[in-house]
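**Q** coordinates only, sequence not included:
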């Protein structure tokens, strides 16, 4: 009986985890990058359900994949970096299906 | 002589009674409420009758004008510049402001104009008005109360409505819902010309009868109203006399307004 109860609780936890995981995929990642007056670039991220992008992995790299800068969105869902002097792109990576790539030439 | 005058007076009396009392709407207008990137907004602040673009009232000043983004309030009153705005029958005192947006999210604009005396009704009116502009699709503040004395709090994003969607909101006074509030609804029927500071002569739609010019609905017992939007464009919702008080020897009615923008699916 006790074991059965435990099994039910485990099943419920699993079901809730699936539900929560499902909800996480219902939102869309959003990231925008702006060139600042001081020559830095600020990326601002978020999700279409209003949740924060704090901690999301950010990578600045050359178009052929050489990593220039790595970091993460701060508590305000922002990530600022010095604009590279070479062609570059910025990746906002919040996990599978939640990746946004912004080309350096589109940042104004 | 007297006999001839009687029908004339009667006709004039009928005409004056039949003259429709179109609703006053404080407008805070910008062409686009859902932006891809932060831009400089061109805002026009006009006290008008939006369906008919008829008489433009002279605004008596502005008590509060601000914007809220990510819970941060920015005062904007000093950004206002007086202009003259022309409707189809006259020109009235209005304001404009150019506001540069920075970053993503919702930018909720709140306006409290100075009370306006309406001589035909012998009352003061003060229409506390909201519009919400979103940048890049990240929702941040659209459903927040921004502290207006009377306020419509939206239950649907006012910038993300397809034509045919329902828009709903809660009418509030001092943060509390107002049961069965009367809400007037009008379509902005004459396209605003931001360069000439006037409404276009041409109306987009003709109303079959006066009750279609200003539609009147009621909030429910919880102060919530619902309206299905039949056409793309800007729609104004005005909850009337949400709060009343004595002001300069007459009644002052505070109305809560919100403007929403719908788009066609194409």
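**A** Perfect, I can see it now. Just so it is clear, the structure is predicted and the values come from calculations on it, not from any experiment.
**Q** Which parts of stretch B:242-262 count as buried, going by neighbours?
**A** Within stretch B:242-262, the residues scored as buried using 16 or more other C-beta atoms under 10 Å in any protein chain shown are B:242-243, B:252-262. C-beta here means a position set from N, CA and C on the backbone, and glycine is covered the same way.
**Q** Please read the previous query as pertaining to stretch B:45-58.
**A** B:45, B:46, B:47, B:48, B:49, B:50, B:51, B:52, B:53, B:54, B:56, B:57.
**Q** Pull up the distance across that stretch, start to finish.
**A** End-to-end span of stretch B:45-58 (C-alpha to C-alpha, to the nearest Å): 11 Å.
**Q** still on that earlier bit, identify those among the buried residues of stretch B:242-262 that sit within helices.
**A** The members of those all map outside helices under DSSP state H.
**Q** Let's have those residues in a markdown table, adding pLDDT and distance to residue B:73.
**A** Putting the buried residues of stretch B:242-262 into a markdown table (pLDDT from 0 to 100; distance: C-beta to C-beta, whole Å) gives the following:
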| residue | pLDDT | distance to residue B:73 |
| --- | --- | --- |
| B:242 | 97 | 22 |
| B:243 | 97 | 22 |
| B:252 | 97 | 25 |
| B:253 | 97 | 26 |
| B:254 | 98 | 20 |
| B:255 | 98 | 22 |
| B:256 | 98 | 18 |
| B:257 | 98 | 19 |
| B:258 | 98 | 18 |
| B:259 | 98 | 20 |
| B:260 | 98 | 22 |
| B:261 | 98 | 23 |
| B:262 | 98 | 28 |
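**Q** In the residues you listed, find the pair that's most separated.
**A** B:252 and B:262 (32.2 Å; C-beta to C-beta).
**Q** ok, the residue of the stretch 1-150 of chain B found nearest chain A - contacts?
**A** Of all residues in the stretch 1-150 of chain B, residue B:138 sits closest to chain A, at 3.7 Å by C-beta to the nearest C-beta. Applying C-beta atoms under 8 Å, 6 or more residues apart in numbering or on different chains, one finds that residue B:138 lies in contact with A:30, A:46, A:47, A:48, A:50, B:104, B:105, B:106.
**Q** now residue B:259
**A** Counting by C-beta under 8 Å, 6+ apart, residue B:259 touches B:27, B:28, B:29, B:129, B:130, B:131, B:158, B:188, B:234, B:235, B:236, B:237.
**Q** If we use 10 Å, what do you get?
**A** B:25-30, B:33, B:50, B:109, B:129-132, B:152, B:158-159, B:188, B:234-238 (C-beta atoms under 10 Å, 6 or more residues apart in numbering or on different chains).
**Q** what does residue B:251 give?
**A** B:121, B:122, B:123, B:124, B:125, B:241, B:244, B:245.
**Q** The spatially closest residue to the last one that is not a sequence neighbour pairs with what?
**A** Counting by C-beta to C-beta, 6 or more residues apart in numbering or on different chains, residue B:245 lies nearest to residue B:252, which is 5.2 Å off, once chain neighbours are set aside. Counting by DSSP bridges, residue B:252 forms beta bridges with residue B:124, residue B:245.
**Q** ok, residue B:252 - contacts?
**A** Per C-beta under 10 Å, 6+ apart, neighbours of residue B:252: B:115, B:116, B:117, B:123, B:124, B:125, B:126, B:241, B:243, B:244, B:245, B:246.
**Q** Would you mind listing what in chain A touches chain B?
**A** A:28-32, A:34, A:42, A:44-51, A:53, A:76-78, A:108 (C-beta under 10 Å from any C-beta of the partner chain).
**Q** Can you give me the pLDDT of residue B:118?
**A** pLDDT, residue B:118: 91.
**Q** again, but for residue A:27
**A** Reported pLDDT for residue A:27: 85.
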